[in-house]
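A.B. asks: Okay, here's the prediction I keep looking at, along with the sequence it came from:
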Amino acid sequence: MNFDELLRRRLVFTVGKGGVGRTTVSLAIGLEAARRGKRVLMVELEGARGLERAIDEQRKSRPTAPELRRIGHIEVEGKRALEEYLGLVIPVRRLLKTVFSSNVYQYFVAAAPGLKELMTVGKIWYEVERTDATAPDLVVVDGPATGHSLQYLRMPKAAAEAFPVGLVHREAERIFSLLQDESATAVAIVTTPEEMPVNETLEISRGLSDLGLPRTLLVVNRVHRAPLTPAEIESLGGASPRDGDPASPDEALFAEAVRVADGETGWAELNRENVLRLAREVPIPTVRLPYLFTEEFGGLHVDRLSRDLAGQLDGKPSTEAA
Ligand SMILES: Nc1ncnc2c1ncn2[C@@H]1O[C@H](COP(=O)(O)OP(=O)(O)O)[C@@H](O)[C@H]1O
Ligand SMILES: [Mg+2]
């Protein structure tokens, strides 16, 4: 699968353990899609702010990049989505106001399990299916920041089962069949090559296949690369400092560089085992993004990862990841 094939979908949904780089990867995909001419709507789920911040950083660090004009952003919040929806069904404003302010309604929204998630996914699909002049070509959802990654994707099926007939059933069925359609929806699993995120990735992968949802792409983020081989480090005098004080600042700097290189080589080895485990157990198209060393991770880094991700899907080897 190359990047243009990925872009034939209308929805890309990222999932993965918190902190592995879901927001970064979502934006990386959105940026490349926009570079290829797509109008992209980046969707953030309620309460998260990282995506909006990351898009702002793009605009600050690369203000003239033309693709940024094709990137939009919304936050989807379950309760507001429900009110919008009810507004379509109940066009009498006065009646609507009465409904929204009633205790029964407030109680219902707070108590109905999964309602928020269901309305959120419904709103996302509303955006996906828009056909008006400003409709996006591609919707990229930065997966949920808290709770289980699949809570949103699971909800339409659960709702269709909970309501065996009627409007909710029909809507939920319709949304679920669109999610299952791998020509319309891509699910990108994001992980780092570390034990806990990999364990969670295997769980997510199983969860997706149990639900009959697509597993389109695996993105292994923050892969360390060994700068030197163990033999090279050995030949440079090893990682442990020599006895006594270094003779000069240059020597101290050199010893420090070798020590850092040794640490990185160790990380790269640990990463490699996890990368191999993922390749064995989640055999789907996979992209490996390098760990970028920087004091401040920002817009230019996301742009670099974006080009690397697309390049790898298009068959160019990564210039950076091992
Ligand atoms: N490839 C990378 N190299 C170095 N640092 C990274 C990389 N990807 C992400 N990060 C760092 O990890 C942090 C969390 O990434 P983010 O995309 O916000 O994760 P999530 O959305 O999964 O919580 C970023 O702010 C950045 O500092
Ligand atoms: Mg995030």
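C.D. replies: Thanks, I have the structure now. Ligands and ions are numbered 1, 2, ... in the order given.

A.B. asks: tell me which element the residue of the stretch 151-300 of the chain found nearest ligand 2 falls in.
C.D. replies: As assessed by Cβ to the ion, ligand 2 sits closest to V190 within the stretch 151-300 of the chain, at 9.7 Å. C-beta: built from backbone N, CA, C; applies to glycine. Per DSSP states H and E, V190 falls inside strand 185-191.

A.B. asks: can you check R9 too?
C.D. replies: Per DSSP H and E, there is no helix or strand for R9.

A.B. asks: Run a quick neighbour tally on it.
C.D. replies: Neighbourhood size, R9 [other Cβ atoms under 10 Å]: 21.

A.B. asks: Then G166?
C.D. replies: 9.

A.B. asks: so what's it up against?
C.D. replies: If you count contacts by Cβ atoms under 8 Å, 6 or more residues apart in numbering, G166 has none.

A.B. asks: ok, it to A172 distance?
C.D. replies: As for G166, its distance to A172 is 10 Å (criterion: Cβ to Cβ, to the nearest Å).

A.B. asks: try L278
C.D. replies: L278 is 32 Å from A172, by Cβ to Cβ.

A.B. asks: What is the neighbour count of F108?
C.D. replies: For F108, the neighbour count with other Cβ under 10 Å is 12.

A.B. asks: Just say helix, strand or coil for it.
C.D. replies: Following DSSP: H, G, I helix; E, B strand; the rest coil, F108 is assigned to helix.

A.B. asks: How about P91?
C.D. replies: Classified using three-state DSSP, P91 is coil.

A.B. asks: Check what pLDDT it gets.
C.D. replies: Predicted confidence (pLDDT) for P91: 77.

A.B. asks: And it, its phi and psi?
C.D. replies: According to degrees, to the nearest 10, the main-chain angles of P91 amount to phi -80, psi 0.

A.B. asks: Repeat that for E46.
C.D. replies: phi -50, psi 140.

A.B. asks: So which bits of the chain are right by ligand 1?
C.D. replies: Neighbours of ligand 1 within the chain, by Cβ under 6 Å from any ligand atom: 18-24, 50, 221-222, 289, 291-292, 297, 305.

A.B. asks: farthest pair in those?
C.D. replies: G18 and L292 (19.6 Å; Cβ to Cβ).

A.B. asks: At which residues are the helices of the stretch 201-322 of the chain located?
C.D. replies: 230-235, 249-281, 299-313 (DSSP state H, counting those that start in this stretch).

A.B. asks: Ok, which of those comes nearest M119?
C.D. replies: helix 299-313 (29.7 Å).

A.B. asks: Next, the angle from that closest one to strand 185-191.
C.D. replies: 110 degrees (axes from the mean of the first three to the mean of the last three Cα atoms, to 10 degrees).

A.B. asks: Need the CA coordinates for helix 299-313. CSV is fine.
C.D. replies: Backbone C-alpha positions of helix 299-313 (Å, rounded to 0.1, in the frame of the first residue of the first chain) are rendered in CSV as follows:
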residue,chain,number,x,y,z
GLY,A,299,6.6,21.9,13.8
LEU,A,300,9.7,21.1,11.7
HIS,A,301,10.1,17.7,13.3
VAL,A,302,6.5,16.7,12.6
ASP,A,303,7.1,17.8,9.0
ARG,A,304,10.2,15.7,8.7
LEU,A,305,8.3,12.7,10.1
SER,A,306,5.5,13.3,7.7
ARG,A,307,7.8,13.2,4.7
ASP,A,308,9.5,10.1,6.1
LEU,A,309,6.2,8.3,6.7
ALA,A,310,5.0,8.9,3.1
GLY,A,311,8.3,8.1,1.6
GLN,A,312,8.5,4.8,3.3
LEU,A,313,4.9,3.9,2.1
